[in-house]
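Chemist: sequence and predicted structure below; questions after.
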Amino acid sequence: MTREKLSNSELAEIFQTIADLLEIKGENIYKILAYRKAADSLDNLGREAADIARENGLASIPGVGKAIAEKITELLNTGKLEFLEKLEQEVPAGLVGLLKVPDVGPKKVALFWKELGVTSLSDLEAAARQGRLRTLPGMGEKSEAKVIAGIEALGRRTDRMPLGRAWPAAQELLGFLRQAPGVVRADVAGSLRRMRSTIGDVDLIVAAKDPRPVMDAFIHHPDVLRIVSQGDIKSSVEFTHRLRAQLWVQPPERFGTALVYATGSKDHNVRLRELALTKGLSLSDKSFLNKDGSELLCAEETEVYDVLGLPWIPPELREDHGEVEAALTGKLPRLLERSDLRADLHDHTNWSDGVLSIREMALAAKARGFSILAITDHSGGLGVTGGPTIEQLKDQRLEIDAVQQEMADSIRLLQGTEVEIKADGALDYPDEVLAQLDIVVASLHVSLRQPRPQITKRLIDAIRNPNVDIIGHPTGRLIPDREGADLDMEAVLSAARESGVALEINSHPARLDLDDVYARRAAEMGIPLAVNTDAHAASDLDLVIFGVATARRAWVSPEIVINTWDYGRLRGWLDRRIK
DNA sequence: GCCGTTTTCGGCCCGACTGTTTTCAGTCG
């Protein structure tokens, strides 16, 4: 029997569990951090660890040394890890779940376990409700109440919220805060500013001489459900609709260091502080501190990086995924920007499940600065969307021609399709029909749970079809509900490189597919990328900022994004196909 | 446990907030 090798995310999860267990056990914190760093590296590799292991390259993964490489090898070969099994005999695995309770960390978990025999969430809740926690050293009635509140919060807490929901909520809050007395400026920070696909808490930061009236306004916002913590310069609240937000306030002359600090990531900040130390400085959210105790204030982020001898690093890169090294050696990429995009190459109209006519879509795209628009309605076979039949494609072409004539040179329209890759691997229109279209996006929507070899072959067959230009939302993931298909991504990427087919970064915040990790890998391999909105309505075109953000997180430069090309170059690329 | 054009051993960031404490530990980011 052949066993499927563990995936990177499964390996990462195992190492996070090891770190959790070691933390409860009270191990050396740096050993724990080493396991977490290795887990993060695995999650952001873009290649299967199994493939790297075959090349004996595990130790080249950042944060993976001899000991962890051996553990990865053992896990890949046997599916088990003796080290973890021994650890679980010392520390009950159920304790890991307790760490999810807010305000409960490894020290308290160890305390509850050793003193009260608590090994599960229900044990903990029972002990708290029976008033047994308050008897423990360092615990009191308030701490006990906090544990109960934390368990309740866990029950109603959703997972991290999608970027597309956090972003508009944050914009509203910023507008609110800018009305508060004495606010000089207000910005988003944290994972939202880094544009991660999902957001935990919304982090906000304000510059104001006197923090008190701002904090006051924040915690008295009409939608605040409860105040999680409240201080002079930092407060945290839970809003209705399960949104949680955190606010920092610093005087304007310290805004630069504060914004860097609040933006993170934590790992990026650690790298910056290490760098500061080599220059005899200590970096905090307030300032740089010289050894003689004198302060160096930074009102702008650029000043912070300048002191460290670095160019300003875009927030999307601040994950400690090589950006500090790149900045040190002058190798930061020129990242894609919204203004680089001329084309949107994946759009729907009322010819399938979109709400606007071709003319209305063209006007909406033009109004947003696009000069090229591809009409790519679903192929007729994807039942629910009511796309055009082969016959109707001819009528659609006539309508596109008419709109093109009306709008003249202000926008170039392409007739395309989002052709369904059917469950059996065939495309939903015959090749001779596809060959007559200007552009072909091929996508998976059905039978996404096929076994890896089958669905991988299905996608690769589409990639190798000479009529296909772009693979739309390649994995089919939906945030937060659905994992992507179980694809052999290395094989998919290799096929795309061979065929010169572009892979999409779908901008819809429920997709962001390719994600930042695979988009980075694809870009490294020189595969063309397409940043598209997949718009079904005018306002969907505005979602392009999330696709651009994902590309930026993937270190993508404009040259490799086909949407940045002028019409002549794009047309030439599309015509490279044998028709 | 990882890592090294200052190191193969000895480092590995920093502070706010809370609650339980009379000076600090735990949690969080």
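Modeler: Ah, there it is. Numbering: from 1, shown residues only, chains lettered A, B, ... in the order given.
Chemist: mean confidence for the helix or strand hosting A:Gln415?
Modeler: A:Gln415 is located in strand A:412-420, with elements delineated by DSSP states H and E. Taken as a whole, strand A:412-420 carries a mean pLDDT of 97.
Chemist: which positions in the stretch 1-150 of chain A make contact with DNA strand B?
Modeler: A:28, A:30-31, A:33-35, A:37-38, A:59, A:62-69, A:99, A:101-109, A:134, A:137-144, A:146 (C-beta under 7 Å from any atom of the strand). Yep, even glycine has a C-beta here, placed from its N, CA and C like the rest.
Chemist: residues in contact with the residue nearest the centre of chain A?
Modeler: Geometric centre of chain A, nearest residue: A:Ser197, 2.9 Å, by C-alpha atoms, centre = their mean. Counting by C-beta atoms under 8 Å, 6 or more residues apart in numbering, A:Ser197 makes contact with A:162-163, A:479, A:509, A:512, A:515-516, A:550.
Chemist: show me those residues that map onto strands.
Modeler: Among these, the ones falling in strands (DSSP state E) are A:Pro162.
Chemist: in TSV: the contacts of A:Ser197, plus pLDDT and distance to DNA strand B.
Modeler: Compiled in TSV, the contacts of A:Ser197 are given as follows (pLDDT from 0 to 100; distance: C-beta to the nearest atom of the strand, whole Å):
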residue	pLDDT	distance to DNA strand B
A:Pro162	89	18
A:Leu163	92	17
A:Ile479	86	20
A:Pro509	94	21
A:Leu512	96	22
A:Asp515	95	22
A:Asp516	95	19
A:Thr550	97	21
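Chemist: quick check: closest non-adjacent residue to A:Asn8.
Modeler: A:Leu42 (4.6 Å; C-beta to C-beta, 6 or more residues apart in numbering).
Chemist: that's a helix at that neighbour, yeah?
Modeler: Yes - A:Leu42: assigned to a helix according to DSSP: H, G, I helix; E, B strand; the rest coil.
Chemist: sticking with the closest residue to A:Ala537 other than its chain neighbours, tell me its helix or strand.
Modeler: Leaving aside its sequence neighbours, A:Ala537 sits nearest to A:Val355 (C-beta to C-beta, 6+ apart; 4.8 Å). Using DSSP H and E, no element contains A:Val355; it sits outside every helix and strand.
Chemist: could you check how far the residue nearest to A:Asn8 is from A:Asn350?
Modeler: 45 Å (C-beta to C-beta, to the nearest Å).
Chemist: so how far is the helix or strand containing A:Glu490 off the chain centroid?
Modeler: Element membership of A:Glu490, judged by DSSP H and E, is helix A:489-499. Here the centre of helix A:489-499 is set off from its chain's centre by 22 Å, with C-alpha atoms, centre = their mean, to the nearest Å.
Chemist: average model confidence for it?
Modeler: The model assigns helix A:489-499 a mean pLDDT of 96.
Chemist: what's the answer for stretch A:431-446, then?
Modeler: Mean predicted lDDT for stretch A:431-446 stands at 95.
Chemist: over to stretch A:201-209?
Modeler: Across stretch A:201-209, pLDDT averages out at 92.
Chemist: near DNA strand B at all, that stretch?
Modeler: Yes - judged by C-beta under 7 Å from any atom of the strand, stretch A:201-209 comes into contact with DNA strand B at A:201, A:203.
Chemist: give the buried residues for that stretch.
Modeler: Across stretch A:201-209, burial judged by 16 or more other C-beta atoms under 10 Å covers A:201-208.
Chemist: could I get the residues you listed as CSV with secondary structure and distance to A:Ala343?
Modeler: Putting the buried residues of stretch A:201-209 into CSV (DSSP: H, G, I helix; E, B strand; the rest coil; distance: C-beta to C-beta, whole Å) gives the following:
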residue, secondary structure, distance to A:Ala343
A:Asp201, coil, 36
A:Val202, strand, 32
A:Asp203, strand, 34
A:Leu204, strand, 34
A:Ile205, strand, 35
A:Val206, strand, 38
A:Ala207, strand, 38
A:Ala208, strand, 42
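Chemist: wait, which of these is closest to A:Ser284?
Modeler: Taking C-beta to C-beta as the measure, A:Ser284 lies nearest A:Ile205 of those, at 14.6 Å.
Chemist: so that closest one versus A:Tyr261, what's the distance?
Modeler: Relative to A:Tyr261, A:Ile205 is positioned 9 Å away (C-beta to C-beta).
Chemist: now for the two: what residues contact both?
Modeler: Counting by C-beta under 8 Å, 6+ apart, the residues touching both A:Ile205 and A:Tyr261 are A:Trp248.
Chemist: what's around A:Thr240, how many residues?
Modeler: 10 (other C-beta atoms under 10 Å).
Chemist: residues of the helix or strand containing A:Glu172 that come out buried?
Modeler: Per DSSP H and E: A:Glu172 is located in helix A:163-178. Going by neighbour count (16+ other C-beta under 10 Å), the buried part of helix A:163-178 is A:163-167, A:169-170, A:173-174, A:176-177.
Chemist: most widely separated two among those residues?
Modeler: In terms of C-beta to C-beta, the buried residues of helix A:163-178 reach their longest pairwise distance at A:Gly164 and A:Leu177, which sit 21.3 Å apart.
Chemist: in space, what's closest to A:Leu124 - neighbours in sequence excluded?
Modeler: A:Val118 (5.0 Å).
Chemist: now name the helix or strand holding the one you found.
Modeler: Per DSSP H and E: A:Val118 is located in neither a helix nor a strand.
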